[in-house]
Structures are given as C-alpha cells and as structure tokens.
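1. One predicted model, sequence on top.
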Amino acid sequence: MGGPVPVWFITAASSGFGRALALEALSRGHKVITSARSLPRIADLKDAGADTVVLDVTSPLTDLEGVAKKVYDKYGYINHLVNVAGYVLVGAVEETSPEEDLKAFTTNVLGTLNVAKAFLPYLRATSGHRTIANFGSVTSWYSGAGHGIYSATKWAVSGVTEGMRAELAPLGIFVTVVEPGWYRTAILSKDVQAQSEKRIDAYENGEIGELRKALAEADGKQVGDTAKACRVIVDVLTMSGCAAGKQIPIRLVLGKDAHDVIREKCEGTLRLLKEWEGAATNTDYD
C-alpha cells in the first residue's frame, strides 16, 4: 500500500507469533515496535531493526497509556496494533483455583482489552490504513476437558473483537481476531503453559491426565509453520499479497487443523439448531 511506511506495535514479541510477525513486517521495510516483559528477551529483534520497549499487558492501564503515548510521540502515527500475549491454562474447572482463573483472564482477555484501550486514541488520530489484530485461538470455537478456562478466555477475545469491529469500522479502523490452530511455538512448553496446582484423581485418571500427556508430547511437533502463518497475517492486515483485493475478515482462521475443527463445529451447530428448532422457536407470546 502507498503512503508513509507502516508502523506496527506488537505485544509478546519474545517468541512465537509475536516474534515471527515482527520479523515478517521488518522484512517488508516496515517500522516495528516490539514489546516484552524483559528487554533482553527481544534484544535480537532490536539488532534486526525493531524498536523495543518493556510492556507487561497486565500492568495498570495508566502504564500502558504511557507506553502508547511514547510510541506515538516518537513515530507520529500507528497503523497496526497486534495483541499476541496469552498463555494456556490446563486443568479441570474444579481443579483450577480462583486465582489461576483470574490470572488467565487478566492476561488473555483484560490484557488485550487494556492494550487496545491505551492505543486507540492514537490509532484514531492516525490517518490512512489502520488495523487491530487480537489473538484468539481455534479454541475460540470449542472447548473440552482440561481447557475450559483457556477456551473461555479465547471465546471472550473473539467476542469482544466482534464488538470492537462494529465500533471502529465507522472510524476507518479494521479489527480482526486471529484464530490459529496448533503452530510450532512455545505455547505448550513448560515455561509458557500453566498447569493447575490442584490435581483430582477423578479427572487425572481420565481425559485430563491424558490431555496433559498429549500436550507435553506435542510440544515442538505442531504441524503449523509460524513463519508461513505470519506472512498471511501481514498480507491480510496490509491488504496485499494473498489478501489483495479482499476485505479484512472478522475472523482470520489459520491452519488446516483449525479449518477442519471449525467446519465440523459449524456443521454440528446447524444440526443441533435443526433438531431443536420446533421447541426453541415456539416460546414467543401467543
């Protein structure tokens, strides 16, 4: 796209999608500001040409607003805000503590919201093409034993993103939720994934115990190529490459595994609606 060089702000850029997105945008000659909770973790991105800042998405809104202002004051405009920060919490709903639940929602949901709140005044003040991409997950569409809380956080992100899209479209800001399947990032590693402290035999001897083992075995073996996915994401947000001539979708589903799961979910939901249509639609006042 023509005009000034695009400016990106990307959270959780120390690894995974955040890092790969930063490198992809940099490879296209864009200006990129990357953030992480510790600068040494993104020192290599600085060497690659990115600006780097310390940012913890769970910080008070006033702190996040201070970071946003510094970025805007330095660059004069912001085109793309990408909220990547998040983590998986594994455990039965009965096993996870209120503190563990709150921490997951604070990072995965409120962190995304508050970073958006902090940057929105400057996105509104920027002319030209502007986007916000919030990271959901394939589990924004389904839940299961052992990841009910994590799925709930990702459903919330997808839901609020739809609301933001409706609010910001009239202002010329495009909003999407990125919903990837399983990509080869650190999300399943012991350093990133959180496990419920409490374990209950009734669950651990069944599906949830099997899930913990399966996730440990899958770490580093996921089929998704993060670099390829990030090329698509940058294309979509800049409306170029594979996305040229297309509108930015409300949901950007990535990965064959995600497409298959979501298609099955939608087909199942349609069957459910048909099965219960007679009873469900016969509840209005006569």
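-> Arrived safely. These numbers were taken from a predicted model, which means no experiment stands behind them.
2. from here on, contacts and neighbour counts on C-alpha atoms
-> OK.
3. Poorly predicted segments of the protein, please.
-> Along the chain, segments meeting pLDDT under 70 span 1-3, 185-193.
4. Now do the strands for the chain: every range, in order, please.
-> Assigned strands in the chain, in chain order: 7-10, 31-36, 51-54, 80-83, 89-90, 130-135, 173-180, 194-195, 251-254 (criterion: DSSP state E).
5. out of those strands, which comes closest to residue 214?
-> strand 89-90 (11.7 Å; CA to CA).
6. Can you name the residues in contact with that closest one?
-> Residues outside strand 89-90 that contact it (CA atoms under 8 Å, 6 or more residues apart in numbering): 104, 146, 147, 149, 150, 193, 194, 195, 196, 212.
7. Got a quick PyMOL command for the buried subset of the residues you listed?
-> Applying 16 or more other CA atoms under 10 Å to the contacts of strand 89-90, the buried members can be selected in PyMOL as follows:
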select buried, resi 104+146+147+149+150+193+194+195+196
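8. Pick the one among the contacts of strand 89-90 closest to residue 281.
-> residue 149 (31.0 Å).
9. That closest one: what's it in contact with?
-> Residue 149 neighbours (CA under 8 Å, 6+ apart): 89, 90, 93, 101, 104.
10. thinking again about what came up before, ok, which of the strands of the chain comes nearest residue 237?
-> strand 130-135 (6.5 Å).
11. Show me which of the contacts of strand 89-90 is closest to residue 54.
-> So of those, ranked by how close each gets to residue 54 (CA to CA), first place is residue 104, at 20.4 Å.
12. Am I right that that closest one is in contact with residue 152?
-> No. Shown here, residue 104 and residue 152 do not form a contact pair, counting by CA atoms under 8 Å, at 9.7 Å.
13. quick one on the thing from earlier: out of the contacts of strand 89-90, list just those in helices.
-> The helices, defined by DSSP state H, take in 104, 149, 150, 212 from the contacts of strand 89-90.
14. Can you add distance to residue 12 and give those residues back as a markdown table?
-> Formatted as a markdown table, these follow (distance: CA to CA, whole Å):
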| residue | distance to residue 12 |
| --- | --- |
| 104 | 15 |
| 149 | 21 |
| 150 | 18 |
| 212 | 24 |
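15. Same list as before, the strands of the chain that is, but in TSV and with distance to residue 274 included.
-> TSV is the format used below for the strands of the chain (distance: least, CA to CA, whole Å):
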stretch	distance to residue 274
strand 7-10	42
strand 31-36	47
strand 51-54	51
strand 80-83	37
strand 89-90	34
strand 130-135	32
strand 173-180	27
strand 194-195	38
strand 251-254	25
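16. so which of these gets nearest residue 162?
-> Nearest of the strands of the chain to residue 162, taken as CA to CA: strand 173-180 at 7.6 Å.
17. tell me the angle of that closest one relative to strand 130-135?
-> Counting by axes from the mean of the first three to the mean of the last three CA atoms, to 10 degrees, strand 173-180 lies at 20 degrees to strand 130-135.
18. before we move on, the earlier item: give the ChimeraX command for selecting the buried subset of the contacts of residue 149.
-> Selecting only the buried entries of those in ChimeraX, with 16+ other CA under 10 Å as the criterion:
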select :89,90,101,104
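19. Pick out the residue nearest the middle of the chain.
-> Residue closest to the average C-alpha location in the chain (CA atoms, centre = their mean): residue 135, at 1.2 Å.
20. so who does it touch?
-> Applying CA under 8 Å, 6+ apart, we find residue 135 in contact with 82, 83, 84, 85, 157, 177, 178, 179.
21. now it, nearest residue through space, not along the chain?
-> Computed as CA to CA, 6 or more residues apart in numbering, the closest residue to residue 135 that is not its neighbour in sequence is residue 178, at 4.8 Å.
22. Is that neighbour bridged to anything, and to what?
-> Taking DSSP bridges, one obtains residue 135, residue 252 as the residues bridged to residue 178.
23. Repeat that for residue 183.
-> Beta-bridge partners of residue 183, as defined by DSSP bridges: residue 224.
24. Counting neighbours, what do you get for it?
-> Around residue 183 there are 23 other residues, counting by other CA atoms under 10 Å.
25. Repeat that for residue 184.
-> A total of 19 residues lie near residue 184 under the criterion other CA under 10 Å.
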